[in-house]
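Engineer: coordinates only, sequence not included:
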Ligand code: GDP
């Protein structure tokens with residue numbers, strides 16, 4: 001069976017922890033989109049880790065970690081990550097990398113930087129990991145697939161020259177930066193070839209066979225619905241689809257195999273980068289939630305940037321869950337709200353004087369004002385609680401209120417950062 005763990009919102013919902021938890025009962029964990037631009041924070045017996053490329057299941061002996069064809073593969077980052085976990089005593093993970101994955105090249109990162117510099121204040125808040133230039137090249141058919149490293153060298157060289165020619169026009173005339181040299185790019189590719197060779201795999205065939213043998217496969221999404229290039233807050237989105245449906249494409253499995261879609265929603269909101277964020281809060285109120293949030297504060301796992309904070313947004317989350325095709329909601333980081341006497345929740349948007357609970361397209365979203373409803377807080381620490389019925393009444397009310405508003409069943413409640421901090425609800 002295939003399960004997917006994906007985000008309902010802007011990312012940072014706590015997917016890493018849920019994946020790490022579900023990985024216990026999985027054989028294979030697959031990354032199917034995105035790159036090293038976002039990260040998961042995972043706390044386990046070995047320590048605290050920020051993973052950007054490796055799937056969260058790398059900490060188990062029994063799992064195989066797969067980088068699917070849909071991923072923006074940054075080989076040096078992958079190596080650094082493998083090294084950093086092995087260094088802390090984690091057994092060497094079993095890793096397979098799709099021969100159809102494309103590689104993030106050093107110039108993709110440079111192009112990302114140059115573009116941000118050019119756009120200055122009007123930038124998209126890129127993490128400068130080369131993701132947008134990478135996916136642009138992939139779809140413009142200027143990308144390099146892992147398999148090409150193992151084809152004929154002369155053909156590769158020819159392509160490198162063609163790519164350099166195109167890139168150099170932009171470098172010279174738009175960015176006024178140093179040009180690319182085909183010899184350097186060939187050298188870079190040959191280094192990648194050597195590094196990646198032991199891991200290369202026909203991943204779709206591997207997964208096909210694994211599924212035939214009854215293996216449990218977990219797809220791990222990055223970011224969330226609202227960052228999807230089609231269904232998110234375009235253009236303030238990422239460059240690959242963040243939806244569970246894309247898991248079929250980005251891993252190379254039949255869509256009908258995805259039986260469970262676990263959408264992770266955080267009990268409050270946070271976002272990074274630019275873009276409309278209707279339930280956003282500011283000042284001391286935001287600072288306090290940021291400081292108390294997550295596990296050690298709401299700061300980017302990759303960038304260290306302070307996250308923008310807000311109250312739970314039922315409109316965005318209802319939409320985010322619907323676009324994912326949610327079968328189960330995992331409601332996370334609920335323990336953090338224990339300090340509040342009262343908890344505002346965004347239940348609708350007001351746009352041009354009209355109230356709606358349907359998430360709009362970007363232009364209208366920018367005009368939306370939050371309609372807030374205030375719920376009583378529970379004002380105590382809920383960490384350590386294992387049974388739903390033992391949660392304070394106001395806490396259960398909060399969960400059930402959100403569940404009713406978003407219209408998808410909350411079957412898991414996370415009340416702390418570690419694997420054990422989870423309350424299952426039978427629905
Ligand atoms: P991801 O990208 O969706 O995995 O999100 P992050 O890596 O930003 O995870 C959010 C943060 O919250 C991490 O630091 C987690 O360790 C932490 N976290 C996850 N679930 C919980 C929870 O239920 N309670 C608390 N306090 N922290 C959590």
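Structural biologist: Received, thanks. The shown structure was predicted, so the numbers you read here are calculated from the model rather than taken from an experiment.
Engineer: run the chain-centre distance for the lengthiest helix in the chain.
Structural biologist: The residue-count maximum for a helix in the chain (DSSP state H) belongs to helix 153-170. Offset of helix 153-170 from its chain centre (Cα atoms, centre = their mean, to the nearest Å): 32 Å.
Engineer: next SSE after that helix?
Structural biologist: Sequence-wise, the next helix or strand downstream of helix 153-170 (DSSP states H and E) is helix 182-196.
Engineer: what angle separates that following helix from helix 153-170?
Structural biologist: 120 degrees (axes from the mean of the first three to the mean of the last three Cα atoms, to 10 degrees).
Engineer: okay, now the unreliable bits of the chain?
Structural biologist: 38, 123-126, 301-303, 427 (pLDDT under 70).
Engineer: what about 50?
Structural biologist: Within the chain, no range satisfies pLDDT under 50.
Engineer: can you list the residues of it near the ligand?
Structural biologist: Residues of the chain that fall close to the ligand, judged by Cβ under 6 Å from any ligand atom: 7, 11-17, 40-41, 43, 294-295, 301, 332-333, 335-336, 414-417, 421. Just so you know, the C-beta spots here come from the backbone N, C-alpha and C atoms, and that holds for glycine as well.
Engineer: sort out for me which of those are in helices.
Structural biologist: Secondary structure from DSSP H places 15-17 of the residues of the chain next to the ligand in helices.
Engineer: which of those has the largest number of neighbours?
Structural biologist: Counting neighbours by other Cβ atoms under 10 Å, residue 17 leads these with 29 neighbours.
Engineer: from memory that one sits against residue 414, does it?
Structural biologist: Yes - taking Cβ atoms under 8 Å as the definition, residue 17 is a contact partner of residue 414 at 6.5 Å.
Engineer: what touches both of the two?
Structural biologist: Residues within reach of residue 17 and of residue 414 at once, by Cβ atoms under 8 Å, 6 or more residues apart in numbering, are residue 332.
Engineer: so what's residue 25 closest to, chain neighbours aside?
Structural biologist: Leaving aside its sequence neighbours, residue 25 sits nearest to residue 216 (Cβ to Cβ, 6 or more residues apart in numbering; 6.1 Å).
Engineer: can you pull the phi/psi pair for that neighbour?
Structural biologist: phi -90, psi 120 (degrees, to the nearest 10).
Engineer: who's in contact with it?
Structural biologist: Residue 216 sits next to 1, 3, 25-28 when contact means Cβ under 8 Å, 6+ apart.
Engineer: now it: how far from residue 409?
Structural biologist: Plainly put, residue 216 is 21 Å away from residue 409 if you go by Cβ to Cβ, to the nearest Å.
Engineer: before we move on, what about residue 304?
Structural biologist: From residue 304 to residue 409 the distance is 35 Å (Cβ to Cβ).
Engineer: then residue 332?
Structural biologist: Taken as Cβ to Cβ, the span from residue 332 to residue 409 is 15 Å.
Engineer: quick one: which of those two has more around it?
Structural biologist: Higher neighbour count among residue 332 and residue 409: residue 332, with 27 against 15, using other Cβ under 10 Å.
Engineer: find the nearest non-adjacent residue to that one, please.
Structural biologist: Using Cβ to Cβ, 6+ apart and skipping the chain neighbours, the partner closest in space to residue 332 is residue 14 (3.5 Å).
Engineer: reformat the ones in helices among the residues of the chain next to the ligand as CSV; add distance to residue 401.
Structural biologist: Shown next, in CSV, are those (distance: Cβ to Cβ, whole Å):
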residue, distance to residue 401
15, 23
16, 26
17, 23
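Engineer: of all these, which comes closest to residue 68?
Structural biologist: Distance ranking of those against residue 68, using Cβ to Cβ, places residue 15 first at 15.9 Å.
Engineer: wait, a strand at residue 57?
Structural biologist: No - assigned with DSSP: H, G, I helix; E, B strand; the rest coil, residue 57 falls outside any strand and is helix.
Engineer: I'd assumed residue 65 was in contact with it.
Structural biologist: Yes - between residue 57 and residue 65 there is a contact under Cβ under 8 Å: 5.8 Å.
Engineer: can you list residues touching both of those two?
Structural biologist: In contact with both residue 57 and residue 65: residue 29, using Cβ under 8 Å, 6+ apart.
Engineer: the helices in the stretch 251-400 of the chain, which residues?
Structural biologist: In the stretch 251-400 of the chain, the helices defined using DSSP state H, counting those that start in this stretch lie at 283-292, 314-324, 362-365, 393-406.
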